[in-house]
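Engineer: Sequence plus the predicted model coming up.
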Amino acid sequence: MMFITIITTALLTTSTTTNCWELAELGHDLPQRPAILIVGSPGVNISAYFTWAESLEYEGYNVVFAKPSPTISSVLQAQEGLREFGDALALELGGFIALSHGYGGTLSIIAEIPATGIGLIGSPLGPHLVATTPSPRPVDQGLPFPNDQTGELPTAPITTSLSRELAGWSENTPVMPDPYAPVVVIASDADVIAPPESVRLPTTDWSDRLWLREGFLSNNRSSHADLLLDSKSAVEVIRALESL
Amino acid sequence: MKCRLSPLLVVLISCAHSGSIPQRPHCIGANDTYITTNDGATIALHRHQGDGEPVLIVHGISSNHVCWDLTAETSLATYLSGAGFDPWLLDLRGHGNSGATEPTPIDTYGEEDVAAALQFIIESTGVDKVHYVGHSMGGNVAIAYLSSVNAEESLIDRMVLAATPLDFSDAEPLLYNGLHAGAFAANMFGQLPTQIAARLHPIIPDALPIDIFLFNDINEPAIMYENVVSPVNPIELSQFAGATTGEFYRWNSDIIVTDYMGDITTPTLVVAGRADRVAPVDRVYPIYPALGSEEKEFLILGVSTGFSVDYGHLDMTTGDHTATELYPIIEEWLSK
């Protein structure tokens, strides 16, 4: 069966006070199946998630998508809007697994999204590095990480203020609350946006979480983009969540 | 109860571990000194004499001093000697030119071998303190030494800890099983004869990703495999395996190493490699906040931080770019 991508703005939307997330179907409408909500990252187009959606549908899920509005102008707005969105979706679907890549995952955690399980793929949760340094030099001269190791985040398509705010997390990361649901966290050593030190270490105290290192003994370790554009990590995370 | 080694294995080990390391061309003029530690072990120091401040350079697990002194081009010792330092390379007991020994904890390497080497260098040169460079377990050894003395009594001046892992929590199944199976096997045979595997490297199938595990930037590893590998003793491997519980303990003790690292005030450069599978960045980084040193830096060797390649574990000592990229950074750090 050929996979058909349908993007429809669903009836469910967040409150008009935030109005910054909207529901979109990815793939076929399969309401009888357990639901996976993919939380999109600000600045990343929905089409980047098509491969995930196809594979997860093949795994037996109904895949829906939380699409961030390009009008989001602050982390707080994105966070509060996602929480409201999650509450409404949980009522409508009777529960869902939240799966995300990059900052979609980070926002899911700080929004304390009411999912039955959470999968985080290359989501920076602590200080991290970005490839901007032209010559060898120390990248850390303070606690926990200083300004000079950070760079611009790939958030150009979204508002400058949000981009600046997310970039600021590199210097002053907000506390990531221990999620209420089981969490599977995966990161790749080749991901310079969300390397393992910014993904694994901030989650070591979480009460119900599994850590996976992508490509541990492979010569083909995934970049930040690879983790999204190839569905193998998404499938691995969902299967791991099923086993918890 | 330990099993006896089979006669075949004894022959293989004898062939592969032939005692002292032959003099290499670039080491002509360097000299070897054997000293006795307070607990009676014999350890070897290989000195590339220079006029400047002495530096004690220490290898990691399953290695020996040659890792930092492989060829004329890839030798931290000759580099630092040329830069005006006085480098001394240590073979921990049971490694390289040092005598065979009973299985030894990492703590003993620090408290006995490093302490004796530092004392000997100080007496030989008349300085008050010695710089320190350690790779992998060689960094854990420094931490063990520094945890055993008061800050004001420490004989280490400035130090570099390269690819030194501290945090083994969340060990990947391959890492976890490798450490525990390795420790089990080493206990069975009295040691893990990794030098045999190194000699057999040319015929080991590519399907076994040993090279990927160990390095990312060594085009011709044969000379490294022939010269650098020493057997692994069961206790050092058991200490690393034990750290998969989430805490790094002193041997046969409930003392957690990190609890004492806040008392360490030595100026320290902590280095991690972006492609290091043995000691990935996230397993090295926790050293940095744990140190009490006011002067400390954390450096990641990778393309994203401006280096030619993402460094693997052995790339820091014998990689194709370390002499031009890392050695100058070590020199600069020790010169401050």
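Structural biologist: Thanks, I have it. Residues are numbered from 1 along each chain as shown, chains lettered A, B, ... in the order given.

Engineer: for chain A, what spans make up the strands?
Structural biologist: Taking DSSP state E as the criterion, chain A carries its strands at A:9-13, A:21-25, A:35-39, A:62-68, A:97-101, A:117-121, A:183-188, A:209-214.

Engineer: Distance from the last one to the middle of the chain?
Structural biologist: Read it as strand A:209-214. The gap between where strand A:209-214 is centred and where its chain is centred comes out at 15 Å by C-alpha atoms, centre = their mean, to the nearest Å.

Engineer: now do the fifth one
Structural biologist: Remark: strand A:97-101 is offset 6 Å from the chain centroid, using C-alpha atoms, centre = their mean.

Engineer: which helices and strands sit right next to that strand?
Structural biologist: Applying 3 or more C-beta pairs under 8 Å, 6 or more residues apart in numbering or on different chains; DSSP states H and E, one finds that strand A:97-101 contacts strand A:35-39, helix A:50-58, helix A:103-110, strand A:117-121, helix A:232-243. All C-beta spots, glycine's among them, are computed from the backbone N, C-alpha and C.

Engineer: which of those sits most buried?
Structural biologist: By mean neighbour count, with neighbours taken as mean count of other C-beta atoms under 10 Å in any protein chain shown, strand A:117-121 ranks first of these at a mean of 28.

Engineer: Next, the angle from that strand to helix A:232-243.
Structural biologist: Using axes from the mean of the first three to the mean of the last three C-alpha atoms, to 10 degrees, one finds that strand A:117-121 and helix A:232-243 are set 150 degrees apart in direction.

Engineer: May I have strand A:117-121 as CSV, with CA atoms only?
Structural biologist: Presented in CSV, the C-alpha positions along strand A:117-121 are these (Å, rounded to 0.1, in the frame of the first residue of the first chain):
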residue,chain,number,x,y,z
GLY,A,117,5.1,7.5,27.2
ILE,A,118,7.7,10.0,25.9
GLY,A,119,10.3,9.4,23.3
LEU,A,120,13.1,12.0,22.9
ILE,A,121,15.4,11.8,19.9
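
Engineer: What strands flank it, and is each parallel or antiparallel?
Structural biologist: Partner strands for strand A:117-121, per DSSP bridges, with pairing direction: strand A:97-101 (parallel), strand A:183-188 (parallel).

Engineer: Using a markdown table, please lay out those together with mean neighbour count.
Structural biologist: Listed next are these as a markdown table, based on neighbours: other C-beta atoms under 10 Å in any protein chain shown:
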| stretch | mean neighbour count |
| --- | --- |
| strand A:97-101 | 27 |
| strand A:183-188 | 27 |
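
Engineer: Provide a list of residues in contact with the nearest residue to B:Gly242 once chain neighbours are set aside.
Structural biologist: The shortest distance from B:Gly242 to any residue other than its chain neighbours is 5.9 Å, reached at B:Tyr249 (C-beta to C-beta, 6 or more residues apart in numbering or on different chains). B:Tyr249 makes contacts with B:239, B:242-243, B:255-257, as judged by C-beta atoms under 8 Å, 6 or more residues apart in numbering or on different chains.

Engineer: Report the two of those separated the most.
Structural biologist: B:Ala243 and B:Ile255 (13.1 Å; C-beta to C-beta).

Engineer: Could you give the backbone dihedrals for B:Asp91?
Structural biologist: B:Asp91 adopts backbone torsions of phi -100, psi 110, taken as degrees, to the nearest 10.

Engineer: correct me, but it touches B:Ala41?
Structural biologist: No: taking C-beta atoms under 8 Å as the contact criterion, B:Asp91 and B:Ala41 are not neighbours in contact, 11.0 Å apart.

Engineer: which of the two has more neighbours?
Structural biologist: B:Asp91 (28 against 22; other C-beta atoms under 10 Å in any protein chain shown).

Engineer: so where's the chain shaky on pLDDT?
Structural biologist: Answering for chain A, as no chain was given. A:1-19, A:127-174 (pLDDT under 70).

Engineer: Can you look at chain B instead?
Structural biologist: In chain B (pLDDT under 70), the answer is B:1-19, B:207.

Engineer: Can you name the residues of it that neighbour chain A?
Structural biologist: Among all residues of chain B, those adjacent to chain A (criterion: C-beta under 8 Å from any C-beta of the partner chain) are B:167, B:169-170, B:172, B:174-175, B:209, B:212-213, B:246, B:269, B:274-275, B:277, B:280-282, B:285-286, B:288-289, B:297-307, B:310, B:325, B:329.

Engineer: Name the residues of the longest helix belonging to chain A that are buried.
Structural biologist: The helix spanning the most residues in chain A, taking DSSP state H as the definition, is helix A:75-93. Applying a neighbour-count criterion of 16 or more other C-beta atoms under 10 Å in any protein chain shown, the buried positions in helix A:75-93 are A:75, A:77-86, A:88-90, A:93.

Engineer: Kindly report the same for stretch B:151-166.
Structural biologist: Buried residues in stretch B:151-166, counted by 16+ other C-beta under 10 Å: B:154-166.

Engineer: Any chance you could give me it in PDB, C-alpha atoms only?
Structural biologist: The C-alpha trace of stretch B:151-166 is given here as PDB (Å, rounded to 0.1, in the frame of the first residue of the first chain):
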ATOM      1  CA  ALA B 151      46.200  19.700  48.200                       C
ATOM      2  CA  GLU B 152      49.200  21.400  49.700                       C
ATOM      3  CA  GLU B 153      51.200  18.100  49.700                       C
ATOM      4  CA  SER B 154      50.500  17.300  46.000                       C
ATOM      5  CA  LEU B 155      53.600  17.000  43.900                       C
ATOM      6  CA  ILE B 156      51.600  17.700  40.700                       C
ATOM      7  CA  ASP B 157      51.900  21.200  39.300                       C
ATOM      8  CA  ARG B 158      49.500  21.400  36.300                       C
ATOM      9  CA  MET B 159      47.800  18.500  34.600                       C
ATOM     10  CA  VAL B 160      46.100  17.300  31.500                       C
ATOM     11  CA  LEU B 161      43.500  14.400  31.700                       C
ATOM     12  CA  ALA B 162      42.800  13.100  28.200                       C
ATOM     13  CA  ALA B 163      40.000  10.700  27.500                       C
ATOM     14  CA  THR B 164      39.600   9.800  31.100                       C
ATOM     15  CA  PRO B 165      36.200   8.200  31.800                       C
ATOM     16  CA  LEU B 166      34.600   8.700  35.200                       C
END
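
Engineer: ok, back up a step: nearest to chain A, of the contacts of B:Tyr249?
Structural biologist: Proximity of those to chain A (C-beta to the nearest C-beta) peaks at B:Ala243, which lies at 13.7 Å.

Engineer: isn't the closest one right up against B:Phe168?
Structural biologist: Yes: the pair formed by B:Ala243 and B:Phe168 meets the contact definition of C-beta under 8 Å, at 3.9 Å.

Engineer: Grab the nearest non-local neighbour of A:Val185.
Structural biologist: A:Leu120 (4.8 Å).

Engineer: Enumerate every residue touching the one you found.
Structural biologist: A:100, A:105, A:108-109, A:183-186, A:199, A:237.

Engineer: what pairs with it across the strands?
Structural biologist: Beta-bridge pairing for A:Leu120 (DSSP bridges): A:Ser100, A:Val185.

Engineer: Spit out the contact partners of the residue nearest the centre of chain A.
Structural biologist: Relative to the mean C-alpha position of chain A, the nearest C-alpha, by C-alpha atoms, centre = their mean, is the one of A:Gly105, at 2.6 Å. Remark: with contacts taken as C-beta under 8 Å, 6+ apart, A:Gly105 is in contact with A:39, A:118-123, A:125.

Engineer: between those residues, which is closest to chain B?
Structural biologist: Of all the contacts of A:Gly105, the one with the least separation from chain B (C-beta to the nearest C-beta) is A:Leu125, at 11.9 Å.
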